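**Q** Pasting a predicted model and its sequence here:
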Amino acid sequence: MTVREIVTSENPLLRRRSKKVRQFDENLQELVDDMFETLHAYHGLGLAAPQIGVLQRVFIAELPAEYDEAGNETAPLEQYVFINPEIRRMRGEEEMEEGCLSVPGYRGVVKRATLVHIKGQGLNGRPFRVRATDLLAEVFQHEFDHLEGILYLDRLVSPDKLFLIPVGQEEANETVMAD
Ligand code: NI
């Protein structure tokens with residue numbers, strides 16, 4: 001597995017629409033492995049293939065496990081791999097503050113649906129569906145946008161709702177912090 005270089009927003013590659021995956025083979029597995037490696041290296045919640053320069057319809061998302069004060073796990077680690085995702089249903093609307101590994105140093109306020117039904121294929125090509133709410137729903141919408149060549153910068157509620165992250169707080173990375 002390899003940590004790949006992240007493509008940043010001035011690169012026109014991020015403005016292109018990614019292509020449907022047709023071959024579910026070891027190259028796809030390797031791509032996804034590298035994406036997880038890269039996601040972990042940058043402490044993100046989600047990553048889309050175009051962000052490492054691969055214009056294929058693949059994204060991953062990961063919500064870390066949560067623990068209470070005694071150290072007991074209160075929510076398990078959640079990992080998702082979507083190949084050829086389609087958002088089938090969106091409901092609700094909420095203003096959220098997001099960041100993106102491809103827009104380092106900034107965060108901005110966007111509107112997102114609070115519930116999505118999303119369908120996709122797994123690494124083996126088998127179709128599946130997920131109903132996601134809140135943070136997970138927002139990560140999915142953000143990553144799906146990358147496959148369409150859309151950045152959260154395009155969805156700011158207003159141009160003045162883009163903020164520089166103060167130095168020392170850069171750990172708040174790719175996608176969505178509910179506040
Ligand atoms: Ni992003």
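**A** Perfect, I can see it now. The shown structure was predicted, so the numbers you read here are calculated from the model rather than taken from an experiment.
**Q** quick one: the helices in the protein?
**A** Using DSSP state H, the helices of the chain run over 26-42, 134-147.
**Q** can you pull the contacts of residue 133?
**A** 114, 115 (CB atoms under 8 Å, 6 or more residues apart in numbering). Where you see a C-beta, it was placed from the backbone N, CA and C, and this is true even at glycine.
**Q** State the distance from it to residue 140.
**A** Residue 133 sits 10 Å away from residue 140, going by CB to CB, to the nearest Å.
**Q** same thing with residue 83?
**A** Counting by CB to CB - residue 83 and residue 140 are separated by 14 Å.
**Q** hang on, the earlier thing: quick check: which of the helices of the chain has the most neighbours on average?
**A** Highest mean neighbour count among the helices of the chain (mean count of other CB atoms under 10 Å): helix 134-147, with a mean of 23.
**Q** Reformat the helices of the chain as JSON lines; add mean pLDDT and distance to residue 167.
**A** Formatted as JSON lines, these follow (pLDDT from 0 to 100; distance: least, CB to CB, whole Å):
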{"stretch": "helix 26-42", "mean pLDDT": "97", "distance to residue 167": "17"}
{"stretch": "helix 134-147", "mean pLDDT": "97", "distance to residue 167": "24"}
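**Q** Quick one, which of those helices gets closest to residue 1.
**A** helix 26-42 (4.2 Å; CB to CB).
**Q** Alpha carbons of that closest one, in CSV - could you do that?
**A** Written as CSV, here are the backbone C-alpha positions of helix 26-42 (Å, rounded to 0.1, in the frame of the first residue of the first chain):
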residue,chain,number,x,y,z
GLU,A,26,-6.7,-6.5,-8.5
ASN,A,27,-5.9,-3.0,-9.8
LEU,A,28,-9.2,-1.8,-8.3
GLN,A,29,-8.3,-3.5,-5.0
GLU,A,30,-4.9,-1.8,-5.1
LEU,A,31,-6.4,1.6,-5.8
VAL,A,32,-8.8,1.2,-2.8
ASP,A,33,-5.9,0.0,-0.5
ASP,A,34,-3.9,3.1,-1.5
MET,A,35,-6.9,5.3,-0.9
PHE,A,36,-7.3,4.0,2.6
GLU,A,37,-3.5,4.4,3.3
THR,A,38,-3.7,8.0,2.0
LEU,A,39,-6.9,8.8,4.0
HIS,A,40,-5.2,7.6,7.2
ALA,A,41,-2.0,9.5,6.5
TYR,A,42,-4.1,12.7,6.1
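**Q** where does the protein have low pLDDT?
**A** 168-179 (pLDDT under 70).
**Q** what about residue 73, distance to residue 67?
**A** Applying CB to CB to residue 73 and residue 67 gives a distance of 6 Å.
**Q** Quick one: list the elements packing against the longest strand seen in the chain.
**A** Using DSSP state E to define each element, the chain has its longest strand at strand 78-91. Helices and strands touching strand 78-91, by 3 or more CB pairs under 8 Å, 6 or more residues apart in numbering; DSSP states H and E, are helix 26-42, strand 58-63, strand 115-121, helix 134-147.
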